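>>> Okay, sequence plus prediction incoming.
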Protein chains: 2
Amino acid sequence: MKDGPVIAKIAALIGDPARANMLTALMDGRALTASELAGLAGVTLQTASGHLSKLGEANLTTVEKQGRHRYFRLSGSDVAEVLEGLMGLAQRTGAVRMRTGPKDEALRTARICYDHLAGERGVEMLDASYRLGLIEGAEKPMLTEKGRAFFRALGVDIEALERRKRPVCRHCLDWSERRNHLGGALGAALLDNFIARNWARREKGRVIAFSPTGAQAFTKTFSLKVSANFSAR
Amino acid sequence: MKDGPVIAKIAALIGDPARANMLTALMDGRALTASELAGLAGVTLQTASGHLSKLGEANLTTVEKQGRHRYFRLSGSDVAEVLEGLMGLAQRTGAVRMRTGPKDEALRTARICYDHLAGERGVEMLDASYRLGLIEGAEKPMLTEKGRAFFRALGVDIEALERRKRPVCRHCLDWSERRNHLGGALGAALLDNFIARNWARREKGRVIAFSPTGAQAFTKTFSLKVSANFSAR
DNA sequence: TTCATAGTTCGACGCTAGCCGAAGCATGGA
DNA sequence: TCCATGCTTCGGCTAGCGTCGAACTATGAA
């Protein structure tokens, strides 16, 4: 009776189609201007402006002024996580079309979730990290000594990550796979790493495209089985 | 532009204060009637009925008919998880409060339901039976081989129970916990068993009182965590 | 059978909130 | 200084939805 309205306020904010469009557009962690968001949401600039101020008041987004532009982004990865959770519910409902186009296919395979890898690849990576003993702990995942050495060898500055406030390892529920993938500072650092190595690159939308050699390297690094998916693209 | 409205539908459902109240009330996994939910949400029965049918259509809740009551519960733990996520976001701005306690402590803890154990203990026992792999099947619970051996070792004549017409295992909805406990022939036999072992005895009214040693034995048998509840009573 | 309780359906009312046009600031460039 | 661009604020319109009273169905008890 008391905490209901609290979540209702947030949920109602996400519940408007225009705002939901804006939020999902921001899910890849990029910052977008008010005009861009207006276009994506299919509303006029002044309408979008109103929505964005509401989202800001609720601390779902933050603003960054730059010249005469105002860049909006999600205020944190936790917002993206909740949005992914809602997508999961929406998918399970069956009210959503299960028919998936080629774009959806690519999204399922590998996409960006705020700032880290999601989709099949993301889930595989987390699974492998547990299987290889790099990470331990169900509730609160922690790097093992072996994991530290492993990721350091990949070129990730673990110590720098640990100095930050953000958790190094974190589970993040994947709406398409409905299993956890790896979030947190390490998840973000790894995605950066893959992109820097040219294993993968960001494409339009939230798609992450692995190159053939990148996919091979990824598979080998995490001791994954070679799947039909990889050879297919 | 595509998946925005999808999550918007779900979020909008959660976004109404009355529905949010109902959903949060259901977050502990209990099942509540439409009237109770109406009261908790502060709306009339007919309004609540409308809300509940919407929640059902979206598969956020499921219904269970029992007599002239209709018991509503969340359709899965994933729903509760999303709600918790929303609370987390809400917490950034708003305040949080805790829930209230019970009335009749002893009755809630353990009581007789027709001929089997109900209340916290009963619910715990059913939960444990699933967790330990003694029982399988959501709709129609069945003893596993492991379960047969387990209960036989406790001194229950499983074969005799199976010869009877009465179902061996049966879910029974618990009015205080609002979750299922174990009924059926096995549920009855187990309560007899506990009393015969002096783990518990029937008291005035419908209260079942566990002795300290009985509570300990019960806890150990079903591999339960030792709770403060036991030591407190 | 009759009454009581639980819940649903229908219709009407009223408020909220999203929407856009127009006007108002603010920043940056010429 | 003047204009263009990016965004916000204001005001009025409208649709949608949450709400309740009343009538109806279903289950159970006397």
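In hand now; what should we look at?
>>> quick one: residue A:36 from DNA strand D, how far?
7 Å (CB to the nearest atom of the strand, to the nearest Å). No exception for glycine: its C-beta is placed from N, CA and C like everyone else's.
>>> And residue A:76, how far from DNA strand C?
Distance of residue A:76 to DNA strand C, computed by CB to the nearest atom of the strand: 22 Å.
>>> For that residue, grab the count of nearby residues.
Neighbours of residue A:76 under the rule other CB atoms under 10 Å in any protein chain shown: 16.
>>> Now do the contacts for the residue nearest to residue A:170 when sequence neighbours are not counted.
For residue A:170, ignoring the flanking residues on the chain, the nearest one in space by CB to CB, 6 or more residues apart in numbering or on different chains is residue A:184 at 3.4 Å. Residues near residue A:184 by CB atoms under 8 Å, 6 or more residues apart in numbering or on different chains: A:116, A:141, A:166, A:167, A:168, A:169, A:170, A:172.
>>> now these in a markdown table, with distance to residue A:66, neighbour count and pLDDT?
Converted to a markdown table, the contacts of residue A:184 look like this (distance: CB to CB, whole Å; neighbours: other CB atoms under 10 Å in any protein chain shown; pLDDT from 0 to 100):
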| residue | distance to residue A:66 | neighbour count | pLDDT |
| --- | --- | --- | --- |
| A:116 | 25 | 25 | 88 |
| A:141 | 36 | 23 | 83 |
| A:166 | 24 | 14 | 78 |
| A:167 | 29 | 18 | 82 |
| A:168 | 30 | 20 | 88 |
| A:169 | 33 | 22 | 87 |
| A:170 | 29 | 21 | 83 |
| A:172 | 29 | 23 | 76 |
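>>> ok, residue A:20 - contacts?
Residue A:20 neighbours (CB under 8 Å, 6+ apart): A:14, B:4, B:5, B:7, B:8, B:11.
>>> what do you get if the cut-off is 10 Å, keeping everything else the same?
By CB atoms under 10 Å, 6 or more residues apart in numbering or on different chains, residue A:20 lies in contact with A:13-14, A:41, A:83, A:86, B:3-12.
>>> So which of those residues sit within helices?
Taking DSSP state H, the ones among those that sit in helices are A:13-14, A:41, A:83, A:86, B:3-12.
>>> and the strand or helix carrying residue A:151, what's its mean pLDDT?
Per DSSP states H and E, residue A:151 falls inside helix A:145-154. On average, the pLDDT along helix A:145-154 is 93.
>>> which other helices and strands contact that helix?
In terms of contacts (3 or more CB pairs under 10 Å, 6 or more residues apart in numbering or on different chains; DSSP states H and E), helix A:145-154 is packed against helix A:120-131, strand A:135-136, strand A:142-143, helix A:158-163, helix A:184-196, helix A:212-221.
>>> can you list the residues that contact that helix?
By CB under 10 Å, 6+ apart, helix A:145-154 touches A:129-130, A:132-136, A:141, A:143-144, A:156-159, A:161-162, A:168-169, A:186, A:189-190, A:193-194, A:197, A:221-222.
>>> and it, which residues are buried?
A:147, A:148, A:150, A:151 (16 or more other CB atoms under 10 Å in any protein chain shown).
>>> any idea how far DNA strand D is from the last one?
The one in question is residue A:151. 38 Å.
>>> Equivalent analysis for the third one, please.
Here residue A:150 is placed at a distance of 42 Å from DNA strand D (CB to the nearest atom of the strand).
>>> Tell me which helix or strand residue A:71 sits in.
strand A:69-74.
>>> quick one: that strand near DNA strand C?
No. Strand A:69-74 lies out of reach of DNA strand C by CB under 7 Å from any atom of the strand, never closer than 8.6 Å.
>>> contacting residues around the residue most central in space within chain A?
Compute the mean C-alpha point of chain A, and by CA atoms, centre = their mean the closest residue is residue A:113, 0.9 Å away. If a contact means CB under 10 Å, 6+ apart, then residue A:113 has A:27-29, A:77, A:80-81, A:83-84, A:119, A:122, A:172-175, A:181-183, A:187-188, A:191, A:206, A:208 as its contacts.
>>> pLDDT score for the nearest residue to residue A:15 once chain neighbours are set aside?
Closest residue to residue A:15 apart from its sequence neighbours, by CB to CB, 6+ apart: residue B:12 at 3.1 Å. For residue B:12, the model assigns a pLDDT of 96.
>>> swap in residue A:174?
For residue A:174, pLDDT reads 69.
>>> list the buried ones in stretch A:124-132?
For stretch A:124-132, by 16+ other CB under 10 Å, it's A:124, A:125, A:126, A:127, A:128, A:129, A:130.
>>> Which single one of those residues is nearest to chain B?
Comparing those against chain B with CB to the nearest CB places residue A:126 closest, at 17.2 Å.
>>> which phi and psi does the closest residue to that closest one other than its chain neighbours have?
Counting by CB to CB, 6+ apart, residue A:126 lies nearest to residue A:182, which is 4.3 Å off, once chain neighbours are set aside. Note on residue A:182: its backbone torsions stand at phi -90, psi 120 [degrees, to the nearest 10].
>>> now residue A:172, which residues is it bridged with?
On the basis of DSSP bridges, residue A:172 is bridged to residue A:181.
>>> quick revisit: how close does the residue nearest to residue A:170 get to residue A:220?
For residue A:184, the distance to residue A:220 equals 24 Å [CB to CB, to the nearest Å].
>>> Then residue A:25?
35 Å.
>>> So between these two, which is more surrounded?
Higher neighbour count among residue A:25 and residue A:220: residue A:25, with 21 against 10, using other CB under 10 Å.
>>> For the closest residue in space to the more buried one that isn't next to it in sequence, list the residues it contacts.
With sequence-adjacent residues excluded and distances taken as CB to CB, 6+ apart, residue A:25 is closest to residue A:40, at 4.7 Å. Contacts for residue A:40 (CB under 10 Å, 6+ apart) come out as A:18, A:21, A:22, A:24, A:25, A:26, A:32, A:48, B:1, B:4.
>>> Tell me the predicted confidence for the second one.
Residue A:21 carries a pLDDT value of 93.
>>> Could you do the last one as well?
The predicted structure scores residue B:4 at 63 on the pLDDT scale.
>>> The helix or strand where residue A:79 lies close to chain B?
Assigned by DSSP H and E, residue A:79 belongs to helix A:77-93. Yes. Under the criterion of CB under 10 Å from any CB of the partner chain, helix A:77-93 makes contact with chain B via A:78-79, A:81-93.
>>> Just the buried subset of these, please.
A:78-79, A:81-93.
>>> ok, those vs residue B:59, which is closest?
Using CB to CB, residue A:93 comes nearest to residue B:59 of those, at 4.7 Å.
>>> Run through the contacts of residue A:184 and flag the ones next to DNA strand C.
Okay, of the contacts of residue A:184, nothing touches DNA strand C (CB under 7 Å from any atom of the strand).
>>> per the record, what domains does chain A have?
A:4-75, A:79-232 (automatic domain parsing).
>>> Least confident of the ones you listed, on average?
domain A:79-232 (a mean of 82).
>>> Could you measure from residue A:128 over to residue A:135?
Distance of residue A:128 to residue A:135, given as CB to CB: 10 Å.
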